[in-house]
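Student: Sequence and predicted structure below; questions after.
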Amino acid sequence: MKDAGIEAKRDSSGFADPVSLVASLGGYEALIQATLAEADKAKVIDRIWNKDASLWKTEEAHQKIISNALGWLTVPGKMLDVAGELASFARSVRESGQFQHAIVCGMGGSSLCPEVLRQTFGRAEGFPELLVLDSTDPDAVNNLAKQIDVSRCLFIIASKSGTTTEPNVFHKYWYSEVAKKSVKPGKAFIAITDPGTKMAQIATEEEFKRIFLNPADIGGRYSALSYFGMVPAALMGLDIERLLGSARMMSESCGARVAIKDNPAAFLGAIMAECALTGRDKLTIVADQTLSTLGLWIEQLIAESTGKEGKGIVPIVGEPLGPVSAYDDDRLFVSIAVGTTDATTQSKLKALELAGHPVCHRLLADVYDLGAEFFLWEMATAFAGWRLGIDPFDQPNVQESKDATKALLERFAKEGKLQEQPALVSDGTLTIYADDENGAGPVSTSVVDVLRQRIAMTNPGDYIALLAYVEETPEIETALQAIRTTLRDATGCATTMGYGPRFLHSTGQLHKGGPDSGVFIQITAPDKIDLEVPGEPYTFSILKQAQAQGDFQSLLSHGRRAIRVDLGSDVVAGLRRFREVINDAN
């Protein structure tokens, strides 16, 4: 299906207008058109632009949250007004010759957009190389430290609330490191936060190089086009006017004056919501290599916005595209590519269309159309939230894991150790831990039997989530992808994979607040090294362990099917053994 008037074109300024959204919807077309007609009658798009909180919820508490979370609608224009200022600041940083690297220290919404930009655009000549730290794994922190000269690095501490644990820990660690070499360590730091936060206060006291106060009415996962995304973009040398220009064009294409049949965000939002409501709730993103990390940003936006009240759209990101036989009838596929989709992917997507799976295609004219893509998905998610009957701007279950982690750290401060989980079975390499608080897991004598029982617990329409609290390296990533493919092909279930603690700020909301269709395999391993956190009684390793345990406890408190597998000291060998066990269990 292709709506007339939704064509990619360019205006005289040279900006792309990538509003083309092509979809093969099969038997879902009439349902989606009916939803668009209902939305038109209810003036949904008008009410979104008018920031009408009652579109989503009538309760006062919800409306207060929603009313303070819609600043993303107009942020492209507001950021264009300060684009020159940002570009000037970036030039001053470049011309100083002081900084070889700039590291974004954040989590979730404050770090995922910069990660997308970093991996999509690469390093611009003469500008600092952008890096992103969003892991409390001490091996990851240590390896990042080896890549930089700390005296020639600009640290960007990014936290909307100013109280998020991870950015605050990163700030303490790096500030201490810089202070060892500089009498004015604050001059190597930038803060991006909301007005009036504790981080803004600290940044002022420590005389940071610059403080960017973001509009307070923008939630973290909707902040890509605000200072959280645009400051790192400018520092790495991107043309932010071009990036924001494409976003503004998309916002105009999604405007209240555009007929709803020609509104790409309404169309995409209706597709996502109706497919989810009819059982196709596994939104499978097929991004080309150029845009490979865009899926991580979409994953957070969709999972954290829709996964609540027992409902949710489950984003499937990074799962290798397989043959038709690999998929059940719970999938919606969305292909996103720059220019054209490669022939192999096109062939597989065509086969899926012919098999009756709904498939959407998004073609971007160039990588700067990412600005448009950010806005499109934000608007489509808001629309889908209306259709699903949920508040897409709250995250009621995210705090649970944080509270559990805090309690564990307080206990550690008093007792000097974390609570130990009871081991269920071990084979010398892998150790599996009980999936209930009393240690009374499934009766078994081998890890193969435990995994066989776990796989047998999956039902049609379930998904299997690998929750990896290990360092992210190319070798480990390859091994985990092989495991998820094996699990998908063996069970027919969709698979997700995330690194902790990053996913706690994205899919973590879906895991606890969404439908009870997840089977969770937490993956842990001992850290090779450990690092002190200045001013805290715990180390990075203790923090990561507490986050993993807190997450596990939160899953159990919601009655989720969860199990923990420890890989032992050799992570790669442990992953290899884990895949062998899964194969034996099938």
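Tutor: Sure thing, it's come through.
Student: With just CA atoms, put stretch 32-44 into PDB.
Tutor: Provided in PDB are the C-alpha atoms of stretch 32-44 (Å, rounded to 0.1, in the frame of the first residue of the first chain):
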ATOM      1  CA  ILE A  32      -5.800   0.300   9.800                       C
ATOM      2  CA  GLN A  33      -7.800   2.500   7.500                       C
ATOM      3  CA  ALA A  34     -10.700   2.200  10.000                       C
ATOM      4  CA  THR A  35      -8.400   3.300  12.800                       C
ATOM      5  CA  LEU A  36      -7.200   6.300  10.800                       C
ATOM      6  CA  ALA A  37     -10.800   7.300  10.100                       C
ATOM      7  CA  GLU A  38     -11.600   7.000  13.900                       C
ATOM      8  CA  ALA A  39      -8.600   9.100  14.700                       C
ATOM      9  CA  ASP A  40      -9.600  11.700  12.200                       C
ATOM     10  CA  LYS A  41     -13.100  11.900  13.700                       C
ATOM     11  CA  ALA A  42     -11.600  12.200  17.200                       C
ATOM     12  CA  LYS A  43      -9.200  14.800  16.000                       C
ATOM     13  CA  VAL A  44      -6.300  12.900  17.500                       C
END
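Student: contact partners of that stretch?
Tutor: When contacts are defined by Cβ atoms under 8 Å, 6 or more residues apart in numbering, stretch 32-44 is touched by residues 25, 45, 55, 260-261, 266-267, 270-271, 273-274, 383, 386-387. In short, each C-beta sits where N, CA and C put it, glycine included.
Student: got it, and stretch 376-385?
Tutor: The contact list for stretch 376-385, computed with Cβ under 8 Å, 6+ apart, reads 19, 39, 44-45, 48, 56, 72, 222, 224, 250-251, 254, 264-266, 268-270, 272-273, 276, 298, 301-302, 305-306, 313, 391-393.
Student: quick one: average confidence on it?
Tutor: Over the span of stretch 376-385, the pLDDT mean works out to 98.
Student: for stretch 116-125, same thing?
Tutor: Stretch 116-125 shows an average pLDDT of 95 in the prediction.
Student: And stretch 60-68, by the same measure?
Tutor: With pLDDT averaged residue by residue, stretch 60-68 scores 94.
Student: ok, residues contacting that stretch?
Tutor: Lys51, Ala53, Ser54, Trp56, Lys57, Ala216, Asp217, Asp391, Phe393, Asp394.
Student: Okay, buried residues for that stretch please.
Tutor: His62, Gln63, Ile65, Ile66 (16 or more other Cβ atoms under 10 Å).
Student: Please report how far the residue nearest to Ala179 when sequence neighbours are not counted lies from Thr35.
Tutor: In space, and not counting its chain neighbours, Ala179 is closest to Pro185: 4.3 Å by Cβ to Cβ, 6 or more residues apart in numbering. The span separating Pro185 from Thr35 equals 54 Å under the rule Cβ to Cβ, to the nearest Å.
Student: ok, so of the contacts of stretch 32-44, who is nearest Val359?
Tutor: Relative to Val359, the closest of these is Leu25; by Cβ to Cβ it sits at 8.4 Å.
Student: Please report how far the closest one lies from Thr35.
Tutor: For Leu25, the distance to Thr35 under the criterion Cβ to Cβ works out to 12 Å.
Student: Tell me which of those two has more neighbours.
Tutor: Between Leu25 and Thr35, Thr35 has the larger neighbour count (other Cβ atoms under 10 Å), namely 24 against 20.
Student: Give the buried residues for the host helix or strand of the more buried one.
Tutor: Under the criterion DSSP states H and E, the helix or strand holding Thr35 is helix 29-41. Using 16+ other Cβ under 10 Å as the burial criterion, the residues of helix 29-41 that qualify are Leu31, Ile32, Gln33, Thr35, Leu36, Ala39, Asp40.
Student: Also stretch 289-296?
Tutor: Under the neighbour-count criterion of 16+ other Cβ under 10 Å, stretch 289-296 has Thr290, Leu291, Thr293, Leu294, Gly295, Leu296 buried.
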